[in-house]
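In: coords please:
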Amino acid sequence: MTSTLQPEAGTPLPPSDGRRDMIVQAARDCFARAGFHRATMRDVAQVAGMSPGNIYRYFPSKEAMVEGMCQQDKQVMRANFAKLRDGVDLFAVMAAVLRHHLVEEPRARFILLMEIWAEAARNPHLAHINAEVDAQVRAELRQFMVMLQDRHMVAPGLNVEFAITALLTFITGLFRRRALEANFDGEAELAMALSVCRAILQGAIAPDAATGPNSRNAAS
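Out: Predicted coordinates:
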């Protein structure tokens, strides 16, 4: 997966000097354009305006770059959940978060997401990274759902695990469509997305009563 280039001689550069973010952004651009498998460390170095040897002082492999992307995305995710927890109007904040993803973010970001998912099916290390991200997303959603229950902002007895899976399945599908459909209408899809999210949280979309534990037991 990586080239045979070695780090240039000299004292390693500090990993927190701002170049890591620049390299990660360059990797996003390269992977989205050429694909994870075809893009090389040299390609990323060229886009980042650095020598290939210097790239290795920050990231030893393309997989490490994906980990860097995930770290950035986790920070954004935590900020989004903080907005949801602190917001007075849950669905107004949810609309703003969804609008950012469905309308404002560039399509290339979702093409990259599809590329990483596809590569994870063949690459055990990327599969592990994806699994860790998924686990953290589910943990954040679980905590959020319990908070909504405590504030009486969702349906009584909401099946939390079902709601989490339903939301992730639905949102993941929207991200896939955002990547694949050149004429994706984010504003139109946003209205539909909010309706579905509201239905899930209000219990209008739910499993059969006999198929699973109640939300409190599932969350514990």
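
In: pLDDT score assigned to residue 103?
Out: According to the prediction, residue 103 has pLDDT 94.

In: isn't it up against residue 186?
Out: Yes - between residue 103 and residue 186 there is a contact at 3.6 Å, judged by C-beta atoms under 8 Å. The way it works is simple: take the backbone N, C-alpha and C, and place the C-beta from them, glycine included.

In: list the contacts for the residue nearest in space to the middle of the chain?
Out: For the chain, the residue nearest the mean C-alpha position is residue 73 (5.9 Å; C-alpha atoms, centre = their mean). Neighbour list for residue 73: residue 133 [criterion: C-beta atoms under 8 Å, 6 or more residues apart in numbering].

In: now the helices for this protein?
Out: Using DSSP state H, the helices of the chain run over 19-34, 41-48, 52-55, 62-86, 90-99, 107-120, 124-150, 160-180, 186-201, 215-219.

In: ok, which of these comes nearest residue 208?
Out: Nearest to residue 208, of all those, is helix 160-180, at 10.1 Å by C-beta to C-beta.

In: circling back to that earlier point, who has more neighbours, residue 103 and residue 186?
Out: More crowded of residue 103 and residue 186, by other C-beta atoms under 10 Å: residue 186, with 18 against 15.

In: separation between that one and residue 80?
Out: 17 Å (C-beta to C-beta, to the nearest Å).

In: ok, now residue 108?
Out: Relative to residue 80, and taking C-beta to C-beta, residue 108 is found at 20 Å.

In: so between these two, which is more surrounded?
Out: Higher neighbour count among residue 108 and residue 80: residue 80, with 18 against 14, using other C-beta under 10 Å.

In: just checking, that one touches residue 98?
Out: No - checked against C-beta under 8 Å, the pair residue 80 and residue 98 is beyond contact range at 9.9 Å.

In: distance check, the residue lying closest to residue 162 once chain neighbours are set aside against residue 119.
Out: With sequence-adjacent residues excluded and distances taken as C-beta to C-beta, 6 or more residues apart in numbering, residue 162 is closest to residue 207, at 5.0 Å. Noted for residue 207: a distance of 32 Å to residue 119, by C-beta to C-beta.

In: these two: who's more crowded?
Out: The neighbour count for residue 207 versus residue 119, taken as other C-beta under 10 Å, is higher for residue 119 (21 against 13).

In: shaky segments in the chain?
Out: 1-17, 209-220 (pLDDT under 70).
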